[in-house]
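S.K.: Sequence first, predicted coordinates after that:
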Amino acid sequence: MKTFFATLACAAAASSFMAEDDTLRFWKWAIDHGRNYQSEEELEHRFLNYLKNEAEVNVLNSLGHDATYAVNGLSDLTKEEYKQLLGYIPEDQSLFDEAEQ
């Protein structure tokens, strides 16, 4: 249930920005981080990931915690891509790998 409300809050935060501003912020971020996408599809995918992650940052910052959150060089990744980058192995997969050894 918490995930649903967090997702809803992220969507609301994302919709509060104008599309043109979203595009400009994304392109500035992409240039600052040296991003070069290979296709229109990848560009759209990364843009939407960036908007989701930026919305999550905005929600976290609005909660009044002592920490300050911001987008970073990984902000165009999905949660799954980020986990994979860190070497995360789902529990089910690790059990399968152990059984093969």
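M.R.: Now that the structure is in, tell me what you want to look at. Numbering: from 1, shown residues only.

S.K.: Could you check how far residue 19 is from residue 65?
M.R.: 29 Å (CB to CB, to the nearest Å). Just so you know, the C-beta spots here come from the backbone N, C-alpha and C atoms, and that holds for glycine as well.

S.K.: tell me which element the residue most central in space within the chain is part of?
M.R.: By CA atoms, centre = their mean, the chain has its centre lying nearest to residue 53, at 3.4 Å. Here residue 53 sits within helix 40-62, counting by DSSP states H and E.

S.K.: returning to that earlier point: which ones are touching the residue nearest to the centre of the chain?
M.R.: The neighbours of residue 53, taking CB atoms under 8 Å, 6 or more residues apart in numbering as the test, are 71, 75-77.

S.K.: how about those in a markdown table, adding pLDDT?
M.R.: What follows is these, written out as a markdown table (pLDDT from 0 to 100):
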| residue | pLDDT |
| --- | --- |
| 71 | 97 |
| 75 | 97 |
| 76 | 98 |
| 77 | 97 |
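
S.K.: Next step: those residues restricted to helices.
M.R.: Of the contacts of residue 53, none are assigned to helices by DSSP state H.

S.K.: List buried residues within those.
M.R.: Taking 16 or more other CB atoms under 10 Å as the criterion, what is buried in these is 71, 75-77.

S.K.: Now tabulate the residues you listed in a markdown table and tack on distance to residue 42.
M.R.: Putting the buried ones among the contacts of residue 53 into a markdown table (distance: CB to CB, whole Å) gives the following:
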| residue | distance to residue 42 |
| --- | --- |
| 71 | 18 |
| 75 | 15 |
| 76 | 10 |
| 77 | 12 |
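
S.K.: so where is the protein shaky, pLDDT-wise?
M.R.: For the chain, the stretches flagged by pLDDT under 70 are 1-18, 92-101.

S.K.: at 50 what do you get?
M.R.: 1, 3-9, 11-12, 17 (pLDDT under 50).

S.K.: can you give me the strands in it?
M.R.: In the chain, no strands are found when defined by DSSP state E.

S.K.: pretty sure residue 77 is in contact with residue 85, am I right?
M.R.: Yes: between residue 77 and residue 85 there is a contact under CB atoms under 8 Å: 7.0 Å.
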